[in-house]
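Participant: Take this sequence and fold it.
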Amino acid sequence: MSSRPASAQHLRDLALLRRVRDRIDREYAQPLDVEALARGVNMSAGHLSRQFRLAYGESPYSYLMTRRIERAMALLRRGDLSVTEVCFAVGCSSLGTFSTRFTELVGVPPSTYRRQAAGATAGMPPCVAKQVTRPVRNREVPVTEPQLA
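Facilitator: Numbering: from 1, shown residues only. From the prediction side, this is the model:
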């Protein structure tokens, strides 16, 4: 009968993790760190990081940066802001860190993406453009084996 309390605790933890993920989705442009997110749900930063990774496959910080990069992609496609303005608009405080993470997730630097994407999604509904242009983490890109003839 000890599995029932453990199961109930697991469900409570999942609800708290959803709250953290929702907060990141809402407040991605605010200065957020794992300690602040953990305090918001009365967990230690280490426990939050471990449980978040188990539930969502990535750390809270990684999830936050992915959200910021997704928003940055949309702003860069719009074309009316500089890369530096976009960097600060999405909550990054370092242009170097922003550019490095952007390049890691998207495959090209933000300035290159801005030039290439200017007309790529013209006429496309925003909900479709968001899905089509969603960044893919390097570990998610399928590795293909060379085909031997």
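
Participant: residue ranges with poor pLDDT in the protein?
Facilitator: Applying pLDDT under 70 to the chain flags the ranges 1-4, 118-122, 130-149.

Participant: Might you report the residue contacts of residue 55?
Facilitator: The contact partners of residue 55, by CB atoms under 8 Å, 6 or more residues apart in numbering, come to 14, 17. No exception for glycine: its C-beta is placed from N, CA and C like everyone else's.

Participant: Could you say which helix or strand holds it?
Facilitator: Here residue 55 sits within helix 45-56, counting by DSSP states H and E.

Participant: Show me what counts as buried in the next helix or strand after that helix.
Facilitator: Next along the chain after helix 45-56, taking DSSP H and E as the criterion, comes helix 60-78. Within helix 60-78, the residues scored as buried using 16 or more other CB atoms under 10 Å are 60, 62-77.

Participant: Likewise for stretch 16-33?
Facilitator: Buried residues in stretch 16-33, defined by neighbour count with 16+ other CB under 10 Å: 16-17, 20-21, 23-24, 28, 32.

Participant: Most widely separated two among those residues?
Facilitator: 16 and 28 (18.8 Å; CB to CB).
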